[in-house]
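Student: model this:
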Amino acid sequence: RGLKLAALTLALPWLHPEETEEEAAEAERLLDYLDHFPQAKLILVQLPGSDRSNLDERRHNALQCINAVAKRASGRGIICAFHPNSPPGSVFLTEADYAVMFAGLDTRYVGYCPDSGHIANGGMEVLDIFRAHASLIRHVHFKDISLGRQWRAMGEGVIDHPGITAFLRESGYDGWIMVEEESEQAEADPDRAAVQNGRYMQEALR
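Tutor: Numbers count the residues shown, from 1 in each chain. Alright, predicted model coming up:
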């Protein structure tokens, strides 16, 4: 039907040193699907747990599985990027976690999908992370957040999205920027939130 797909997300627990049979099957299902969309990227997301116990083991296991999926995807011509998140049970949340993450990603096969809101929610300076890892960026997520770490509509939080957009342009990034909205207002009235965020993007970012 002439559809274009920017990206598809594979979100799994990856709690063991190797993928479970169910995890491997789900990964293969998405890889098969992406055969129909050769320009789309596969975004890898580890589902957060309920806490941050056994942190070293969980980070190691996740990276082993992420790299394994990305290697298979690369063999099929599919570009992968890992997307860390920031719920309290995420194992890639803080600056120290990110150091482990970037040291452990096999960048022959997997790049980075920064999410501005998750970076800020982890207590980091967003633009600094984009700058430090620009060569690995394959896909981008934007969302805004308040000083009190509450999700906000684009332009109502504290993240300098115009500055980040300018940096991405200057650095030669030519991929997608996906805008997400997770505020309470968006949950209550998603149509209005979509219009509001679209207006902000048109006026402040484009």
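Student: in the protein, which helix has the most residues?
Tutor: helix 55-75 (DSSP state H).
Student: In that one, which residues are buried?
Tutor: By 16 or more other C-beta atoms under 10 Å, the buried positions in helix 55-75 come out as 58-59, 61-70, 72-74. Every C-beta, even on glycine, is put in place using the N, C-alpha and C of the backbone.
Student: what's the answer for stretch 140-157, then?
Tutor: Across stretch 140-157, burial judged by 16+ other C-beta under 10 Å covers 140, 141, 142, 143, 144, 145, 151, 152, 153, 154, 155, 157.
Student: next one: stretch 186-204
Tutor: Neighbour-count burial for stretch 186-204 flags 186, 193, 196, 197, 200, 201 (criterion: 16+ other C-beta under 10 Å).
Student: okay, how far is it across that stretch, tip to tip?
Tutor: Using C-alpha to C-alpha, to the nearest Å, the span of stretch 186-204 from its first residue to its last is 20 Å.
Student: Can you pull out the residues in contact with it?
Tutor: Stretch 186-204 has contacts (C-beta atoms under 8 Å, 6 or more residues apart in numbering) with 153, 154, 155, 161, 162, 179, 181, 183, 185.
Student: For the residue nearest the centre of the chain, give its distance to residue 2.
Tutor: Central residue of the chain (C-alpha atoms, centre = their mean): residue 83, 2.8 Å from the mean position. Residue 83 is 27 Å from residue 2, where distance means C-beta to C-beta, to the nearest Å.
Student: quick one, strands of this protein?
Tutor: 7-12, 41-46, 80-82, 110-112, 140-142, 144-145, 151-152, 177-179 (DSSP state E).
Student: Show me what the last one is packed up against.
Tutor: Going back to what we said before, that points to strand 177-179. Packing partners of strand 177-179 (3 or more C-beta pairs under 8 Å, 6 or more residues apart in numbering; DSSP states H and E): strand 140-142.
Student: quick revisit: name the nearest of the buried residues of helix 55-75 relative to residue 98.
Tutor: residue 59 (10.6 Å; C-beta to C-beta).
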